[in-house]
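Peer 1: Sequence first, then the predicted structure, then my questions.
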Amino acid sequence: MNLWLIPVFPLAGFVINGLFGRRFSKSLVNAVAIGSVVLSFAWVLKILAGPGDLETTHTEHYFTWIQSGALNIGCDMAVDRLTAVMLLVVTGIGLLIHIYSIGYMAHEGGYYRFFAYMNLFMFFMLVLVLAANYLVLFVGWEGVGLCSYLLIGFYFDKKFATDAGNKAFIVNRIGDFGFSLAMFLIFKNFGSLDFATVFQQAPGSSEAILTTIGLLLLVGACGKSAQLPLYVWLPDAMAGPTPVSALIHAATMVTAGVYMCARSFPIYIHAPAAMNTIAVIGIATAFFAATIGLAQNDIKKVFAYSTVSQLGYMFLGVGCGAFSAGIYHLMTHAFFKALLFLGSGSVIHALSGEQDLRHMGGLRKKVPWTFATMMCAAVAIAGVPPFSGFFSKDEILVAANHHAPWMFWLGVITAGMTAFYVFRAMFLAFFGEYRGDVHGKHAHPHESPPVMLIPLAVLALLSLGGGFIKIPALLGEFFHAEEIPEDPTLVAISVAAGLLGIVLAYIMYVARPGMADSFVAAFKALYTLIYSKYFVDELYDATLVKPVVNGSRVLLWKGMDAGLIDGMVNGIGARARNIGGVLRLIQSGNIRSYATWVLLGSVLVIVALGIAGGLR
Amino acid sequence: MDSFIVISLIKVVVVFAVLLTTLAYLQWVERKVIAHIQVRPGPYRVGPHGLLQPLADVIKLITKEDLVPPYVNKPLYLAAPFLAITMALLSISVIPFGPVIQVAGYQTAMQLTDLNIGVLFVLAVSSMGVYGIALAGWSSNNKYALLGGLRSSAQMISYELPLSLTIAAPLLISNTLSLRELVEKQAGGIWHWNVLHGPFPQIFSFLIFLIAGFAETNRVPFDLPEAENELVAGFHTEYSSMKFASFFMAEYANMITVSCMATLLFLGGWVAPWPAQYGSSLVPVAIFALAGVVALYHGMHPARRRDRTSLPVFGIIFLIIAAVFLLPIVQSWLLPLFWFCAKTGSILFLYMWIRGTLPRFRYDQLMGFTWKFLFPAAVLNLLVTGLLVALVS
Amino acid sequence: MSGVPISWYLTLSAILFTLGVAGFLFRRNIITVFMSIELMLNAVNLSFITFSYYWKQVNGHLIAFFVMVVAASEAAVGLAIILTVFKNRQTLNIDEVDSMKN
Amino acid sequence: MDVILFLIFAIIAVVCAINVVVQTHPISSAISLVGVMASLAVLYLLLGAEFLAAAQVIVYAGAIMVLFVFVIMLLNAGAETKKGQSSMALFLGGPLLVALLMLLAWFVQQLFPGISVHFGGFRGGSAQDVGRALFTTYLLPFEVTSILILIAILGAIVLARKEMD
């Protein structure tokens, strides 16, 4: 089926734009970048439309990549139903966001660089999805991390952007460390890194080993998918351009952890302790991030914490054994969260860079299309039936109830908070009076060009109707999942929580605008706590970063480096200088004396050859 | 073994006697030809029609004072003319004038020695000829001579490239490096000659070869090294007497070599333009007879008094030669010799003709011409020839 | 038919090579030094062709041929360098071209 | 006959080579070197390397050495000056050279006893044979040398350009 073509198209786009983009016109850069993604998308469609319903895994072997002793790793790619869903999400959403970027990035510097990085990201993401063994997956895994770093730090002349890039990269290292250990363990136990081989042998292995592997993989997934306690990089990652936030930090890359856990389900289903850990981390993250989201004023930060929270839902689903529900939510989340980000990007674009909700308001009439599409996403994420978020969240909550009822209730509360903060952001931005500087540069918000609105519209349709793509039905057989009976009561409870959140937000920010401030005044301490994100950054800074920095400075730099290593190096250098002072006499700068040394050497070589040759 | 050495010695003596005489008379011919182009009689006083002029010149040059200027680098100054004439004469030794013949029961080739890398030998020897001129120019301790020598070496190195490249093209067609085999492959008539034969007629090759050959021998229009009006006389300014004569002879010997090579490589050597059964063997008879008749006729009505005896004598000699060509015994070696001499002579005549016609190049034009036109043209020609030969075979 | 011992050829090659080295060591003129290198190359070529005779194989000739090609390119570049050196420093003495020293 | 020819040209070669080293004027050295090369060409012929003999004369004597002579004439370089002695080269180099020669000669005598060269003993060195090897076994090196020569030409042109900036 020539699966390799799917990632290679964006790679070609990256190479062309990366090498020659500087000299290309913008339209040519667009043509290359978007054309490559279109080709990739088209190839995905062709493969999916082809014969076979992908019941079984189709694997293609291209070449042996690493061959060393027992380690034999091929460059293999595989496609099955799970991969198919991911491929559609990645290429489809990626394509829409690429198109959107034409408008959003039109006035930015480094235009070709942006699209080259985006294409490179697409390449690595598709490698990640298509990989047929852990190492190839790891290549994509690291590659998307690299692209994330490059794109977060896209405005590299701003310090906070580069710092955010570094933060994302370093935090992800912790996760990758766990992932690497997991791979070592997998190879040690199963003698292979191929999915097929590993998963075939998994049922026969001891539970302790499977649990260890599962937990280590979870560490990797927590880093990539921004789960507790490694979520701190994601809110900062909003320093990148908004399409990047939408594509990488909402729709695709951050879901790689969920995908990886779902992919490794044969390991997890034999390691219930690991599963339980996933579920706990998931629900904790969902709840925790949602509370922070309640009080953020930066529109992108709100959605960033919302992303963390929704990713927590996905982990909850995976942890509860409802892998298909996790993937289901992954897909719907990709639709509505990408839409929310792109919409907020459109708002920011309209206000020429303003991101603070307190300076918005009343934009409903200024940017009606953006408002309309974002509203679709908002109702979807709030879980209002029959829109997409309702179905997937419902699946997860039902599974959670089956797993442990307290998780269900925490999930319901989170759902209510989700609805509240999303609509809070919507109401603050679009309703009421315009609170920005009436005479300043943001005085006249303008609607975005059609090239940005069309992707918004498409995503809005998907957000509304995406729930009818029944992923659980599609993947149920793949994951060998047991059927969990629907319970109308549970559905009603979660829907009610969502509606309650919406109503509360309406009352506080539209009907009685003063009410929010009085609440803040009443719960000052609590508000400060969540407004400051529970001081987690400060905590990490004090407990981890500072000691490491100081330890490095005092012990490693002043002690080890300057004292011991430099002392050694300088000592060797001094000895070398002394010896060199003697040898310098040979380096007379006279070519004929050099030639004499060569001659001496060759005479010695001939003598040595004679002796070695055993001549008489 | 002994007879081989004796025959070789005889051949050496004969060839070099003939060659030296030819060198002397070639100069007479040139003066005559130039004179007639310029509508004047040329040498006329010494002997009938100035026929003894070369002899007089030789006597003059030998008896002249042999002057060695002060402050020259003496060994090299003395070696240079010797080197020049040696290298010029050496290449004659591998040139075949005719086929293998039977003389008095001995079978021998009309050639001093048949090397199977004859072409390379000629190239090698001619490339060594540069030293004579370069050293002469340098050792004379004279800036005109030095400039002449420098120019000449630069020119000869530059023109050697297209020359070698064009030689490669007919060699590709004939598939041999032996000059004898080269001619034997062209036997059978004018359409088998390399200049017209093969998958790609070597007409361009021939032209490039002639042009580069002219430059190699420092002849008009490429005689920059001895441009009188700029450099007095170029590299041999400081030479006199027989040393000067040596350079002179070297130049003419080189002309002969180039002409012979052109004949052998492109014009089929000693092969007649059409087969003997169609009467090619009668051509020399007809030519010499016609010349004899014309000479006799002019002798009957002489324009000058001394022609009254000389022209009839010439006429009778020509007629006798014509008669000799009819003798079957000598035909086997005389006919090839005739055709060889006729072809070589035509090219030599072309040399003279051009000298009487064309002006001299400017130096930058000269170098630009070879590097920017001649060399690429030769490469292209070689490429096309090679391709076509590869395709046909 | 009495031939020449093959060791004579090789000895001749050794003598020429040694003379080349001597020229390289004892001469100061860059051009002469350069010519000494050419002399060494020639000596080695003689060895190669002698070996070719010894083994009755053409390979030695090919090596010698490549040596010639390399020598030709080396001469072109080397002489250009010498011209440039002379133009900038007005000397051909190899010991005076020492601006890299100290 | 072989011995006589060998001795004649070997002696010419050695004398010329000594001349290359002892002559103070570069042009005398150059002419002596041409002598070495020419006599080596004859020795090549004796060894059956007829193509190489011709190439030796054409390439070495006819092109490379002409280039040397040309440059010497162009620079009009005089005899070399006695300046900047390297005493080490003299005092260490002399004995080393003798040692090198002795070693090489001794090895040669030891390693190649009893085989003699006579003219016609090896006929594999014709232009055809060399050409065939060149375009089959040695095709890659041959093509590489063409690139080498191209680079050398470019290098020479760049170096010898008038405006050196």
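Peer 2: Arrived safely. Bear in mind that the values here come from a model prediction, so they are computed numbers and not experimental data.
Peer 1: Next, residue B:196: phi, psi?
Peer 2: The phi and psi values for residue B:196, taken as degrees, to the nearest 10, are phi -120, psi -10.
Peer 1: pLDDT weak spots in the chain?
Peer 2: Here I'm looking at chain A. Chain A contains residues with pLDDT under 70 at A:52, A:437-444, A:481-483, A:586-589, A:614-616.
Peer 1: nope, chain B
Peer 2: B:1-2, B:198, B:224-233.
Peer 1: which element is the residue nearest the centre of chain D on?
Peer 2: In chain D, the residue lying closest to the centroid (CA atoms, centre = their mean) is residue D:37, at 5.8 Å. Taking DSSP states H and E as the criterion, residue D:37 maps to helix D:26-46.
Peer 1: before we move on, what about residue A:186?
Peer 2: Short version, using DSSP H and E: residue A:186 is in helix A:159-190.
Peer 1: Identify each buried residue in that helix, please.
Peer 2: A:161-162, A:164-165, A:167-169, A:171-172, A:175-176, A:178-179, A:181-183, A:185-187, A:189-190 (16 or more other CB atoms under 10 Å in any protein chain shown). Heads up, the C-betas are built off the backbone N, CA and C, glycines and all.
Peer 1: Mind exporting the C-alpha coordinates of whatever helix or strand comes next after that helix to PDB?
Peer 2: Following helix A:159-190 in sequence order, the next helix or strand is helix A:195-201 (DSSP H and E). Output of helix A:195-201 as PDB, limited to C-alpha atoms (Å, rounded to 0.1, in the frame of the first residue of the first chain):
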ATOM      1  CA  PHE A 195       4.500  -4.500  18.300                       C
ATOM      2  CA  ALA A 196       3.300  -7.800  16.900                       C
ATOM      3  CA  THR A 197       5.900  -9.900  18.600                       C
ATOM      4  CA  VAL A 198       5.700  -8.000  21.900                       C
ATOM      5  CA  PHE A 199       1.900  -8.100  22.100                       C
ATOM      6  CA  GLN A 200       1.800 -11.700  21.200                       C
ATOM      7  CA  GLN A 201       4.100 -12.600  24.100                       C
END
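Peer 1: Show me which positions of helix A:195-201 end up buried.
Peer 2: A:195, A:198, A:199.
Peer 1: Can you give me the distance of residue A:521 to residue A:528?
Peer 2: Using CB to CB, to the nearest Å, residue A:521 is found at 12 Å from residue A:528.
Peer 1: Identify all contacting residues around the longest helix anywhere in chain D.
Peer 2: Ranked by residue count under DSSP state H, the longest helix found in chain D is helix D:87-111. Residues from elsewhere that reach helix D:87-111, judged by CB atoms under 8 Å, 6 or more residues apart in numbering or on different chains: A:588, A:590, A:592-593, A:595-596, A:599-600, A:602-603, A:606-607, A:610, A:615-616, C:7, C:10-11, C:14-15, C:17-18, C:21-22, C:25-26.
Peer 1: repeat for stretch C:47-60
Peer 2: Against stretch C:47-60 from outside (CB under 8 Å, 6+ apart): C:6, C:9-10, C:13, C:61, C:63-64, C:67, D:44, D:47-49, D:52, D:112, D:115, D:117, D:121-122, D:124-125, D:129-130, D:133, D:137.
Peer 1: ok, residue A:305 - how many residues close by?
Peer 2: The local packing count at residue A:305 equals 26, with neighbours defined by other CB atoms under 10 Å in any protein chain shown.
Peer 1: For it, which non-adjacent residue is spatially closest?
Peer 2: Among residues not flanking residue A:305 along the chain, residue A:293 sits closest, at 3.8 Å (CB to CB, 6 or more residues apart in numbering or on different chains).
Peer 1: That neighbour touches residue A:309, doesn't it?
Peer 2: Yes - if you go by CB atoms under 8 Å, residue A:293 and residue A:309 touch, sitting 6.4 Å apart.
Peer 1: For ChimeraX, what selects the buried ones among the contacts of helix D:87-111?
Peer 2: Here is the ChimeraX selection string for the buried members of these, based on 16+ other CB under 10 Å:
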select /A:588,590,592,593,595,596,599,603,606 /C:7,10,11,14,15,17,18,21,22,25,26
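Peer 1: low-confidence ranges in chain D?
Peer 2: Short version for chain D, where the test is pLDDT under 70: D:77-90, D:162-165.
Peer 1: Which single residue of it approaches chain B most closely?
Peer 2: The nearest approach of chain D to chain B comes at residue D:62, 2.8 Å away (CB to the nearest CB).
Peer 1: Quick check: chain neighbours aside, which residue is closest to that residue?
Peer 2: Closest to residue D:62 by CB to CB, 6+ apart is residue B:127, at 2.8 Å.
Peer 1: thought that neighbour was touching residue B:160?
Peer 2: Yes - the pair residue B:127 and residue B:160 passes the contact test of CB under 8 Å, sitting 6.1 Å apart.
Peer 1: can you list residues touching both of those two?
Peer 2: Each of D:62, D:63 lies in contact with both residue B:127 and residue B:160 under the rule CB under 8 Å, 6+ apart.
Peer 1: Now do the helix or strand containing residue C:83: distance to the chain's middle.
Peer 2: Assigned by DSSP H and E, residue C:83 belongs to helix C:59-89. Mean-position distance between helix C:59-89 and its chain equals 10 Å (CA atoms, centre = their mean, to the nearest Å).
Peer 1: and if you look at stretch A:276-293?
Peer 2: 17 Å.
Peer 1: now stretch A:142-155
Peer 2: Stretch A:142-155 sits 10 Å away from the centroid of its parent chain (CA atoms, centre = their mean).
Peer 1: So which residues make contact with it?
Peer 2: Here stretch A:142-155 has contacts from A:110, A:113-114, A:117-118, A:120-121, A:123-125, A:127-128, A:161-162, A:164-166, A:168-169, A:172, A:176, A:224, A:236-237, A:239-241, A:244, A:248-249, A:252-253, A:256, using CB under 8 Å, 6+ apart.
Peer 1: Could you give me the PyMOL syntax to select whichever of those residues are buried?
Peer 2: Only the buried entries of the contacts of stretch A:142-155 go into this PyMOL selection, using 16+ other CB under 10 Å:
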select buried, chain A and resi 110+113+114+117+118+120+121+123+124+125+127+128+161+162+164+165+168+169+172+176+224+236+237+239+240+241+244+248+249+252+253+256
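Peer 1: residue contacts, the residue of the stretch 251-400 of chain A found nearest chain C?
Peer 2: Nearest residue of the stretch 251-400 of chain A to chain C (CB to the nearest CB) works out as residue A:253 at 54.1 Å. Residue A:253 is in contact with A:121, A:125, A:144, A:145, A:147, A:148, A:224, A:247, counting by CB under 8 Å, 6+ apart.
Peer 1: Just the ones in helices from these, please.
Peer 2: Those of the contacts of residue A:253 lying in helices (DSSP H): A:121, A:125, A:144, A:145, A:147, A:148, A:224.
Peer 1: thinking again about what came up before, what is the subsequent helix or strand relative to the longest helix of chain D?
Peer 2: Per DSSP H and E, the helix or strand that comes after helix D:87-111 is strand D:116-117.
Peer 1: Quick one: check that following strand for contact with chain C.
Peer 2: Yes - shown here: strand D:116-117 in contact with chain C (CB under 8 Å from any CB of the partner chain) through D:116, D:117.
Peer 1: Could you check whatever helix or strand comes next after that strand and say which residues are buried?
Peer 2: Using DSSP H and E, the helix or strand that follows strand D:116-117 towards the C-terminus is helix D:127-135. For helix D:127-135, burial by neighbour count (16+ other CB under 10 Å) applies to D:127, D:129, D:130, D:133, D:134.
Peer 1: and if you look at stretch A:8-23?
Peer 2: In terms of neighbour count (16+ other CB under 10 Å), stretch A:8-23 has its buried residues at A:8, A:9, A:10, A:11, A:12, A:13, A:14, A:15, A:16, A:17, A:18, A:21.
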